[in-house]
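In: Could you look at this predicted model? Sequence included:
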Amino acid sequence: MLKEMLDNVRATTPLIHNITNYVTVNDCANTLLACGGAPIMSDDREEVEEITSICGGLNINIGTLNGNTIPSMFLAGKKANELSHPVLLDPVGAGASSLRTRTACKLMDEIHFTAIRGNISEIKTLALGSGSTKGVDADVADVITRENIKDGVRFAKELSAKTNAVVAITGAIDIVANSSTAYAIYNGHPILSKITGSGCMLSAMTTAYLTANPTQPLTAVLAAVCAMGLCGELAFAHLGAQEGNSTFRNKLIDQIYCLTGDLLESGARYELQ
Amino acid sequence: MLKEMLDNVRATTPLIHNITNYVTVNDCANTLLACGGAPIMSDDREEVEEITSICGGLNINIGTLNGNTIPSMFLAGKKANELSHPVLLDPVGAGASSLRTRTACKLMDEIHFTAIRGNISEIKTLALGSGSTKGVDADVADVITRENIKDGVRFAKELSAKTNAVVAITGAIDIVANSSTAYAIYNGHPILSKITGSGCMLSAMTTAYLTANPTQPLTAVLAAVCAMGLCGELAFAHLGAQEGNSTFRNKLIDQIYCLTGDLLESGARYELQ
Amino acid sequence: MLKEMLDNVRATTPLIHNITNYVTVNDCANTLLACGGAPIMSDDREEVEEITSICGGLNINIGTLNGNTIPSMFLAGKKANELSHPVLLDPVGAGASSLRTRTACKLMDEIHFTAIRGNISEIKTLALGSGSTKGVDADVADVITRENIKDGVRFAKELSAKTNAVVAITGAIDIVANSSTAYAIYNGHPILSKITGSGCMLSAMTTAYLTANPTQPLTAVLAAVCAMGLCGELAFAHLGAQEGNSTFRNKLIDQIYCLTGDLLESGARYELQ
């Protein structure tokens, strides 16, 4: 079923509006092109509603949020909701400052997100801090392991039930869940944490998968998360002597570019929880 | 004649002021260094006039325009006009939002551009929307082919006559024209559209060529457009198995770095229209 | 002694807050990860004090300063001083505009920097322009050579005495000095000037070295400067035919990723002045 998700991206070239940070924006754009989508970056309040309107999906990443871009996130998110476009939230650094926590929670309260993707610490911050997520039990460990995975799955399902968003918690083991169904994903490689932006790139790509597969958001997110992990494994396998994180970053995007639906189907390692 | 254009860039190291988007800014800077120029990026209104004054040319790219950078574009552009520095406009996304269209057209009305570079859709938007270009017949197809190239050439010449700018319309086939002379360029490779920023990089490089060749703007733009297309071909030819758009981007800049005047002269494929 | 500096970075993974330019920010983040640290980029005044508080060190780079980020530099710098975190200033382009010169000098007047890193022209601008550095004799040549190195050393020591910062002047020959001790470093390769951001990357990495070695700032800066130069040499040695500045940039970061304490110790070429 993952093959179909990727094939639909390549068949429809979804145009994704990104309001994202300036650290990894170039990698996000090239990742979107690599996976079969197309990027537009725009964050000025005077134009974000129009830009969102001509796109198919919206990716909101708060990585370098500021007084100019925060209002744009709300304007674009509300417009995307109006148009029933998929919207993804990447709450980068939620918990690291009150501005990030407050902004991420307010976005959750005012915008319906199709999917939320972050690490366990960021997602826990959302669960604890937002009016719309009040009552979610975030008593989960800070690293998801094979031992505590049931707790993570329960937490992700509960948060999904409260928010009506697919929840993707990424780390050494990833969890993708809606309120009733959850998957654990075992693809990936530790070197993914030695480049900046692997999470941002995944969020951008996930938005493309959601946009190309509007009726299957859970499977779309699962496919994108598997694809990024698998491409990380393949990219690492192609690293030569004296190559490090910078070459890995390039090979990661290259692998996303080269990835086929069949390869994704056969290389994905996940299980229903 | 193209050889001389490139050799003049390498001989004079033109310093280029870029007011450009944050998506592809790093690639633009490395492209300027690769071709033999030098970059400065600066977009705060308090300093752009001073920065433009110490540079040889100005590249204005509206890719992620906002309320802070738009006034800087006008200030820098007017200062560059005062100083008779070459100024290039890259109207990224003109037509995609009214802010972009309005800003691009107002820039055209208030600043004299030495050259304008965009895709056919962006350039048509300029022709339709600007006071200074009123009356240009923009009834041209949205893709320039060998069949409709005469229409594209007529349109580019007419726009150049109205604006007194060299007009570069880039796509699978590129057109470079002033009011009396036009060239079609056949260099390039489809993978150039699978990276973000090939247009932005070309605009930055073109500004360096214009600055190093102040008395021959048409030939300078022709040379830069041929150089980018040729380097795209060479970069693609060097791609190995399992390499994709990210490695292509690096090899493209590498080829610009390695390009010689002789190689440009022999590899350029263009014809007078 | 340099080996220990690097080993301490890898052992402690210092988290570095960067207020830096959008041109080279991605390279700075990947460089920090490559050397063994971890990056956070944040520049909004509403959060910079909190972000600095959760980090170990602060890197202030004025490369694309603007009206929004300048106040953030002061807020974060003062907070870092309060917390006794190492703070580094990279006065990119000081001297190129009055905004840059004024901002860099005011930062020097209001914040205590653990280290200052720039090229000779930028550092001279600081020495001439700042209240806190009044009286430093900046009558030094604009390029440091083996012939005039004594003048550069005297100037760097005098500036360090006035500011109580380690002063790093980088170029073909680098000087690292405090008020009593100075080193000349001979590592490096001319191609480092053909990529954008080698200085920015060094400043980010130096902040990580300072943070991991709080009691030895002079040796920490010396180690970082040697490491960057050595990695430049190694990266150039690994360049193949038809490779240029873009591949060099990737290989440079790769070499920082692969660098060991022993390799740094044996490859560093410096002498006490």
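Out: Cool, the structure landed.

In: Show me what from chain A comes close to chain C.
Out: With Cβ under 8 Å from any Cβ of the partner chain as the criterion, chain A meets chain C at residues A:21-24, A:26-27, A:63-68, A:93, A:96-100, A:194-197, A:242-247, A:249-250. Heads up, the C-betas are built off the backbone N, CA and C, glycines and all.

In: Return the members of those classed as buried.
Out: A:21-24, A:26-27, A:63-66, A:93, A:96-97, A:99-100, A:194-197, A:243-247, A:249-250 (16 or more other Cβ atoms under 10 Å in any protein chain shown).

In: Any buried residues in the lengthiest helix in chain A, and which?
Out: Longest helix in chain A, counting residues (DSSP state H): helix A:217-237. Within helix A:217-237, the residues scored as buried using 16+ other Cβ under 10 Å are A:217-236.

In: I'd like to know which helix or strand in chain A has the lowest mean pLDDT.
Out: Least confident helix or strand, chain A: helix A:120-129 with a mean of 92, by mean pLDDT, DSSP states H and E.

In: coming back round to it: now whatever helix or strand comes next after the longest helix of chain A against helix C:217-237, angle please.
Out: Per DSSP states H and E, the first helix or strand lying C-terminal to helix A:217-237 is helix A:245-258. Orientation check (axes from the mean of the first three to the mean of the last three Cα atoms, to 10 degrees): helix A:245-258 against helix C:217-237 gives 50 degrees.

In: circling back: looking at the buried ones among the residues of chain A next to chain C, which are in helices?
Out: A:Asn26, A:Asp27, A:Leu99, A:Arg100, A:Asn245, A:Ser246, A:Thr247, A:Arg249, A:Asn250.

In: what two of the residues you listed are the furthest from one another?
Out: Within these, A:Leu99 and A:Thr247 form the most distant pair, 34.9 Å apart (Cβ to Cβ).

In: so who does the residue in the stretch 151-273 of chain A that chain B sits nearest to touch?
Out: Residue of the stretch 151-273 of chain A nearest chain B, by Cβ to the nearest Cβ: A:Tyr257 (2.8 Å). By Cβ atoms under 8 Å, 6 or more residues apart in numbering or on different chains, A:Tyr257 lies in contact with A:Leu33, A:Ala34, A:Cys35, B:Lys194, B:Gly244, B:Asn245, B:Ser246.

In: If we use 10 Å, what do you get?
Out: A:30-31, A:33-36, A:231, B:191, B:194-195, B:242-248 (Cβ atoms under 10 Å, 6 or more residues apart in numbering or on different chains).

In: Report the separation between it and A:Leu32.
Out: 11 Å (Cβ to Cβ, to the nearest Å).

In: A:Ile120 too?
Out: 25 Å.

In: what about those two, which has more around it?
Out: Between A:Ile120 and A:Leu32, counting by other Cβ atoms under 10 Å in any protein chain shown, A:Leu32 is the more crowded of the two (28 against 20).

In: give the contact list for the residue nearest to that one when sequence neighbours are not counted.
Out: Leaving aside its sequence neighbours, A:Leu32 sits nearest to A:Pro39 (Cβ to Cβ, 6 or more residues apart in numbering or on different chains; 4.2 Å). Taking Cβ under 10 Å, 6+ apart, we find A:Pro39 in contact with A:15-18, A:20, A:25-26, A:28-33, A:55, A:59, A:204, A:207-208, B:23, B:196.

In: Nearest to chain C: which residue in chain A?
Out: The minimum distance from chain A to chain C, using Cβ to the nearest Cβ, falls at A:Gly244 (2.8 Å).

In: What distance do you get for the nearest residue to A:Thr69 once chain neighbours are set aside to C:Tyr22?
Out: Counting by Cβ to Cβ, 6+ apart, the nearest residue to A:Thr69 once its immediate chain neighbours are dropped is A:Asp43, at 4.6 Å. Here A:Asp43 is placed at a distance of 12 Å from C:Tyr22 (Cβ to Cβ).

In: what does A:Gly95 give?
Out: From A:Gly95 over to C:Tyr22 the distance is 24 Å, taken as Cβ to Cβ.

In: mind checking pLDDT for the residue most central in space within chain A?
Out: Central residue of chain A (Cα atoms, centre = their mean): A:Ser203, 2.7 Å from the mean position. Note for A:Ser203: predicted pLDDT of 98.
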